[in-house]
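1. 3D model of this:
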Amino acid sequence: MSRGRQPPLVTGISPNEGIPWTKVTIRGENLGTGPADLIGLSICGHNCLLTAQWMSASKIVCRVGPAKDDKGEIIVTTKSGGPGTSTVSFKLLKTEKIGILDQSAVWVDEMNYYDMRTDKNKSISPLSLRPANPLGIDTDKVKVAQMDLESMFPSMSGDFTSENFSATWYLIENHSTTSFEQLRVAANNLRKQANKKNEGSLAYVKGGLSTFFEAQDALSAIHQKLEVDGTEKVEGSMTQRLEKILNRASDTADTLFQEVLGRKDKADSTRNALNVLQRFKFLFNLPLNIERNIQKGDYDVVINDYEKAKSLFGNTEVQVFRKVYAEVETRIGSLRALLLDKLLETPSTLHDQKRYIRYLSDLHASGDPAWQCIVAQHHWILQLMQTCKESFIQRLKGGADGMTLDSDGELRPSGIGRLGHSASFKSGSTKSWTPQGPQQVSFVEKLADVVTGQLPNFWKLWISYVNGSLFSETGEKSGQVEKLKKNARQRQSDFKKMIEEVTHRLVKLVRGALLPSSLTPTELQLYGGWEAQSKLSGPSLTQIIHTVRGSHEALAALEIPNDLLQVIQELLSDLRVHCLMVTLKQVAEDVKQLPEKEDWVVDNEGVTSLPARFEQHMVQMLQSLKGPMDCKPGEVNIFQLERTQDEASELCVWIMKVFINCLEQLSTKTDADVDASHMCVDVVSPDLFRSVHEDYRPSPEQRLLLILSNCHYLEKHTFLNLAEHFERHGFLGTEKITRVSVESVRALDARLFESYVERKADPIVGSLEPGIYAGYFDWRDCSPPTGVRNYLKEALVNIITVHAEVFTVSKELVPRVVSRIVEAVAEEMSRLMQCVSSFSRNGALQARLEICALRDAVQFYLTEESDASFKQALEALPQLHNGADKKLVEELLNKFKSSMHLQLTCFQPPSIQPLKR
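-> Predicted structure coming up:
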């Protein structure tokens, strides 16, 4: 880290004493790096900066002003080193000033008049000179404010040379704390000065009176002698002859000395001209110095020199000075035009804009450069946004692949594009690189970068314009800041329209790329052109919403009024709704592909992976919507919008129905439509372990069972879980979604259940009648019963087979399926018994035995319908009145149950009650 410069140190001054306006040479160390670095110079407490000429870091030449202190230090102040110190001092010699009416034997030099009121040199008449202290006593160091005196004494003045001089004003201004005794001494001093002036004029006349008398006596004596001699009568008057002699002498002298005197006058003129050039070389060299400093970019030096020249020669009456000053004004006019061009040049930084505005303010440029800069920046931002859109449209048409819009608004190869091109170059491929990802996403991100990169500086420029910080101290002193602040207040509505135009342009460009239906046909021509692009997905829209939110937050951080950013909030609301709808529709399309992923592997709950995949898909969808749907400050809850709520609910219901339809399609697939992922279950295995075999494909009945199990799981678990997720993520109308979904899945369950029962019950029911009458069996002529016939045993085994098949898939389905099959068998048995016209005693016993055996075997799966059917079948038989018959039937039943004990074990009381639909 470099060290700072040392403060200035004055070690010598030559001469070390003199009267005011004495030219001195100051020597020392660290006296500045240049004229612009020298910002202060005082000798004996008087500011001598105006006459200072910086020669080097060790030498400064200036003139001493009329300081109040007789002896004091020499203090040099620089920008780089600050205020300095001095090891030497200067002694100011006081000179007696000559009053306006005082007699003087020497000529008073008018060129070096110093006006103490303005601390400036002026070439004016000495009639305006006044004594430094007319009362002859010390003045107050603390001055009263000039504005207070003007308000106390309107149209009066404290200048005693003024026609409106007020003694009270003068005493308050210079002697407000002076004691009465000192004022009395001051009054005596005034009387003495007045008496001295009167006595001085009279003494001057008295002292020269004898000389006047002697001259008069000499002239009288000469006149008398001439009259006595009579010379005047003969040769004319002596005075006339003397006049002629003097004229001839003058002509002769002129002839002899004309050339010499001419050369002298010319030399005097040259000497005077050189003196003027030397004395005012600052002015004469100023045009060239201005040109050089402009080329170097040292505008501060130019402005300081111009202010100095303007204060010294702005109102001069000297023709030479006026001519040179006119040239200075011409150069300054060119500088104003140059700075204005640089100010309006785009792009430019906020620092440069403020710098150029201050320069133009110091140069008193016409108009309002700050406002011109604001207008230019506004047009530049709008142009940059439109160029961004056109560049992406051109890229879509193949005109600028791999190009991006830089901060200057020009198409340039992007960083990724350059990387792609370099990679192709290394591999020797000539194939051009194409950027990946949706173009609308890249466009919105780039557009947001343009707005958030340009609008903050634009807003800060306006704030600086309003509070006046754009302008320098010169403007403050001249009252320019208040004038420009007033202009800024008058232009607030215009600037508000500018911000509105920028935000509206941003919103319309985004709508043209993402929501073209929200624009009018005229607006589509200006901001559209994305028709050839495919629709965006939910994640892409989520990324865009994040980008637009970031832009809104960046602009809100600038304290831009909310009403100007409301249009961006409306855009965000529409984008969030659009993202919700697109995501839901995309999920519906994805759900249609879920059947392709069905592997038919059953878990412990008797369902396949399909419901879990569906639930996972829905949960992921809701999680992906969490960011866009969350309400940031100032945003509305889109789920509270009635139209959005209805559309979202309809889409959610549609997704549920799509999945239910997929289940129905899976249930009707043929073996050729089933994928190579299969399942096989060992029915007779007591522990019911599953084993998967690659060559196994589920039968249509097994698929029906699996889908039935899935439907039951959807109703009891999946839909309820999804309802909780919907509510957790802010969805409204979840009751409707759940209700409609449950109704749909129940309808599918009913259809599939009827189909499965029909497939399983029909063969069993159909085998009963042939089995009963096998071997020409006749109820009226049959042998005594010895046991249950085989047809009934086969029916029970078939029911057991169905039980095992259902049990391997889902234990919860067993009561429901078996009960329904039992109902069908009981109904058929009742019909067959009612169709018999008459029974013999043995036939009645055999029929009662078989009906009771069947009923007792499946008694835990009896329903009201099946129980009624069995009762009807028994009522169709003759009643048993003999105890021996009853005992026989009971013994045969026990024998049947004992022989079929192992098979009938599956009909033991289930842990789950039959499902009612």
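2. which residue is nearest the centroid of the chain?
-> Ala554 (2.6 Å; Cα atoms, centre = their mean).
3. please verify my assumption that that residue contacts Gln454.
-> No: taking Cβ atoms under 8 Å as the definition, Ala554 is not a contact partner of Gln454, at 11.4 Å. Yep, even glycine has a C-beta here, placed from its N, CA and C like the rest.
4. what are the ranges of the helices in the stretch 551-700 of the chain?
-> For the stretch 551-700 of the chain, the helices defined by DSSP state H, counting those that start in this stretch cover 562-592, 610-629, 642-667, 700-713.
5. same question, the stretch 251-400 of the chain
-> Using DSSP H, counting those that start in this stretch, helices in the stretch 251-400 of the chain cover 281-296, 299-313, 319-344, 350-362, 369-396.
6. just checking, what packs against the third one?
-> Translated: helix 319-344. helix 281-296, helix 299-313, helix 350-362, helix 369-396 (3 or more Cβ pairs under 8 Å, 6 or more residues apart in numbering; DSSP states H and E).
7. give me the element Gly28 is part of.
-> strand 23-29 (DSSP states H and E).
8. partner strands of that strand, with direction?
-> strand 9-14 (antiparallel), strand 59-63 (antiparallel) (DSSP bridges).
9. distance from the chain centre to the last one, please.
-> In other words, strand 59-63. 53 Å (Cα atoms, centre = their mean, to the nearest Å).
10. and the contacts of it?
-> Outside of strand 59-63, the residues within contact range by Cβ atoms under 8 Å, 6 or more residues apart in numbering are 21-27, 31-32, 38, 41, 43, 48, 51-55, 76.
11. if we use 10 Å, what do you get?
-> 8, 10, 12-13, 18, 20-28, 31-32, 38, 41, 43, 48-55, 74, 76, 112, 114, 121 (Cβ atoms under 10 Å, 6 or more residues apart in numbering).
12. dump the helices and strands packed on helix 319-344 to TSV, plus mean pLDDT, mean neighbour count and distance to Arg739.
-> Below are the helices and strands packed on helix 319-344 laid out as TSV (pLDDT from 0 to 100; neighbours: other Cβ atoms under 10 Å; distance: least, Cβ to Cβ, whole Å):
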stretch	mean pLDDT	mean neighbour count	distance to Arg739
helix 281-296	87	16	82
helix 299-313	86	18	78
helix 350-362	85	21	60
helix 369-396	87	20	46
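13. need the ones you listed in a markdown table with distance to Leu663, can you?
-> Converted to a markdown table, the helices and strands packed on helix 319-344 look like this (distance: least, Cβ to Cβ, whole Å):
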| stretch | distance to Leu663 |
| --- | --- |
| helix 281-296 | 83 |
| helix 299-313 | 80 |
| helix 350-362 | 63 |
| helix 369-396 | 42 |
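14. so which of the strands paired with strand 23-29 is the most packed in?
-> Mean neighbour count (mean count of other Cβ atoms under 10 Å) peaks for strand 59-63 among these, with a mean of 18.
15. per-domain residue ranges of this protein.
-> 9-92, 138-180, 294-382, 774-906 (the TED database).
16. right, and these - which one's nearest Ser537?
-> domain 294-382 (30.9 Å; Cβ to Cβ).
17. how far off centre is the closest one?
-> 32 Å.
18. can you get me the start-to-end distance on it?
-> 33 Å (Cα to Cα, to the nearest Å).
19. what does stretch 81-94 give?
-> 33 Å.
20. okay, strands next: where are they in the stretch 51-200 of the chain?
-> Assigned by DSSP state E, counting those that start in this stretch, the stretch 51-200 of the chain shows strands spanning 53-56, 59-63, 71-78, 82-83, 85-86, 89-92, 114-115, 120-121.
21. buried deepest among these, which one?
-> When these are compared using mean count of other Cβ under 10 Å, strand 71-78 is most buried, at a mean of 20.
22. before we move on, the earlier item: mind putting the domains of the chain into CSV with distance to Asp265?
-> Shown next, in CSV, are the domains of the chain (distance: least, Cβ to Cβ, whole Å):
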stretch, distance to Asp265
domain 9-92, 27
domain 138-180, 37
domain 294-382, 19
domain 774-906, 134
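23. name the nearest residue to Thr139, ignoring sequence neighbours.
-> Asn174 (4.4 Å; Cβ to Cβ, 6 or more residues apart in numbering).
24. out of the helices and strands packed on helix 319-344, nearest to Ala187?
-> Using Cβ to Cβ and comparing those, the one that lies nearest Ala187 is helix 299-313, at 38.9 Å.
25. may I have that closest one exported as PDB, CA atoms only?
-> C-alpha atoms of helix 299-313 as PDB (Å, rounded to 0.1, in the frame of the first residue of the first chain):
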ATOM      1  CA  TYR A 299     -11.900  19.100 -17.700                       C
ATOM      2  CA  ASP A 300     -11.500  20.200 -14.000                       C
ATOM      3  CA  VAL A 301      -8.500  22.300 -14.900                       C
ATOM      4  CA  VAL A 302     -10.400  23.800 -17.900                       C
ATOM      5  CA  ILE A 303     -13.400  24.700 -15.700                       C
ATOM      6  CA  ASN A 304     -11.200  26.200 -12.900                       C
ATOM      7  CA  ASP A 305      -9.300  28.400 -15.500                       C
ATOM      8  CA  TYR A 306     -12.500  29.400 -17.100                       C
ATOM      9  CA  GLU A 307     -14.100  30.500 -13.800                       C
ATOM     10  CA  LYS A 308     -11.000  32.500 -13.000                       C
ATOM     11  CA  ALA A 309     -10.900  34.200 -16.400                       C
ATOM     12  CA  LYS A 310     -14.600  34.900 -16.200                       C
ATOM     13  CA  SER A 311     -14.300  36.600 -12.800                       C
ATOM     14  CA  LEU A 312     -11.400  38.700 -13.900                       C
ATOM     15  CA  PHE A 313     -12.300  39.600 -17.500                       C
END
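26. begin at 65, not 1, for the rest of this chat.
-> Got it, first residue is 65 now, which makes that one helix 363-377.
27. any idea of the pLDDT on Leu856?
-> Listed pLDDT for Leu856 reads 86.
28. mind listing what's buried in whichever strand or helix holds it?
-> Counting by DSSP H and E, the element that carries Leu856 is helix 854-873. Of the residues in helix 854-873, 855-857, 859-860, 862-864, 866-873 count as buried by neighbour count, 16 or more other Cβ atoms under 10 Å.
29. could you do stretch 585-593 as well?
-> Leu588, Tyr591, Gly592, Gly593.
30. stretch 614-621 now?
-> So for stretch 614-621, counting by 16+ other Cβ under 10 Å, buried means Ser615, His616, Ala618, Leu619, Ala620.
31. let me know the closest of the residues you listed to Ala917.
-> His616 (80.4 Å).
32. wait, that closest one touches Gln633, no?
-> Yes: His616 is within contact range of Gln633, at 7.1 Å (criterion: Cβ atoms under 10 Å).
33. what is in contact with the two at once?
-> Contacts common to His616 and Gln633, judged by Cβ under 10 Å, 6+ apart, are Lys696, Gly698, Glu699.
34. could I get those residues as a markdown table with neighbour count?
-> Putting the shared contacts of His616 and Gln633 into a markdown table (neighbours: other Cβ atoms under 10 Å) gives the following:
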| residue | neighbour count |
| --- | --- |
| Lys696 | 11 |
| Gly698 | 14 |
| Glu699 | 15 |
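35. any idea of the pLDDT on the closest residue to Asp710 other than its chain neighbours?
-> Leaving aside its sequence neighbours, Asp710 sits nearest to Gly797 (Cβ to Cβ, 6+ apart; 7.7 Å). pLDDT for Gly797: 79.
36. what residues does Gly797 make contact with?
-> Taking Cβ under 10 Å, 6+ apart, one finds Phe703, Gln709, Asp710, Ala712, Ser713, Glu714, Cys716, Val717, Phe790 in contact with Gly797.
37. pLDDT weak spots in the stretch 515-664 of the chain?
-> Scanning the stretch 515-664 of the chain for pLDDT under 70 picks out the ranges 535-546, 548-549, 596-598.
38. switch the cut-off to 50
-> Applying pLDDT under 50 to the stretch 515-664 of the chain picks out residues 537-541.
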